[in-house]
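Visitor: kindly generate the corresponding structure for this input.
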Amino acid sequence: MYEAMATVIGTVVTHPVKRDLTNGEQVVTFRMASNSRRLDPATGEWVDSGTLYLTISCWRRLVTGVDASIRRGDPIVVYGQLRSHEYRSKDGVERRDLEMRASALGPDLARCTAQPIRRTEAGRSFGPSNLAPNTCDRSSAEDCARVDGDGLAEGATTMPSAPARINESAPVDA
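Guide: You can find the predicted model right below:
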């Protein structure tokens with residue numbers, strides 16, 4: 001089978017839904033939107049050129065992380081296999097839906113901050129125990145989000161910057 005692998009940057013537009021399948025596997029699915037923007041040279045303003053909607057499905061190891069981390073309105077980057085799903089709707093119309101089976105998924109750090117919590121094979125996690133929610137800047141894809149005067153979503157807080165790394169290869173006096 002032909003595999004079309006792609007990376008898509010966009011915004012989660014539906015609440016992710018986790019389902020248990022009859023074979024014991026789990027899957028998380030949701031819809032995302034990706035807006036194409038360009039600078040209009042005549043007006044000097046950014047113009048949306050169209051929106052691509054995708055159904056994203058997450059399997060195996062992605063299920064736990066996506067279910068715990070991703071919510072509607074979150075900016076994300078997804079890498080995976082594109083598939084076209086053709087079907088007939090209830091009213092008899094032929095339809096086509098573009099789907100992506102995700103191999104990797106994460107927050108778009110150009111539009112938000114995130115504090116990773118690393119998982120181990122035993123299921124324990126390592127990371128800060130008192131995490132603040134991820135924060136996102138407002139973008140054209142998130143016009144429906146409520147934002148207060150300082151640019152943060154309602155109830156959100158900012159995450160502290162990561163500490164600067166100490167140069168471990170500093171010269172040693174002999």
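
Visitor: do a quick rundown of the helices in this protein.
Guide: 61-69 (DSSP state H).

Visitor: who does residue 59 bridge with?
Guide: Taking DSSP bridges as the rule, residue 59 bridges to residue 27.

Visitor: that one touches residue 23, doesn't it?
Guide: No. Using C-beta atoms under 8 Å, residue 59 is not in contact with residue 23, being 11.7 Å away. Backbone N, C-alpha and C define where each C-beta goes, glycine included.

Visitor: ok, those two, which is more surrounded?
Guide: Taking other C-beta atoms under 10 Å, residue 59 and residue 23 do not tie; residue 59 has more neighbours (17 against 5).

Visitor: state the pLDDT value of the more buried one.
Guide: pLDDT for residue 59: 95.

Visitor: residues contacting it?
Guide: Shown in contact with residue 59 (C-beta atoms under 8 Å, 6 or more residues apart in numbering): 25, 26, 27, 101, 102.

Visitor: same check on residue 31?
Guide: Residue 31 sits next to 12, 13, 14, 53, 54, 55, 56 when contact means C-beta under 8 Å, 6+ apart.

Visitor: what's around the second one, how many residues?
Guide: In other words, residue 13. Neighbourhood size, residue 13 [other C-beta under 10 Å]: 17.

Visitor: doesn't residue 34 make contact with it?
Guide: No. In this structure, residue 13 is not within contact of residue 34 by C-beta under 8 Å, at 10.1 Å.

Visitor: out of the contacts of residue 31, who's nearest residue 74?
Guide: Distances from residue 74 to those, taken as C-beta to C-beta, are shortest for residue 12 (4.8 Å).

Visitor: now do the strands in this protein.
Guide: Applying DSSP state E to the chain gives strands spanning 4-12, 17-20, 26-39, 46-59, 75-88, 94-107, 112-113, 118-119, 125-126, 135-136.

Visitor: what's next to the fifth one, contact-wise?
Guide: What that stands for is strand 75-88. 3-12, 32, 54-56, 70, 94-108, 110-112, 136, 139, 141-142.

Visitor: among those, which ones are buried?
Guide: Neighbour-count burial (16 or more other C-beta atoms under 10 Å) is assigned, among the contacts of strand 75-88, to 8, 10-12, 32, 54-56, 70, 100-102, 105, 107-108, 111-112, 136, 139, 141-142.

Visitor: quick one: low-confidence parts of the chain?
Guide: The model of the chain has pLDDT under 70 over residues 1-2, 121-174.
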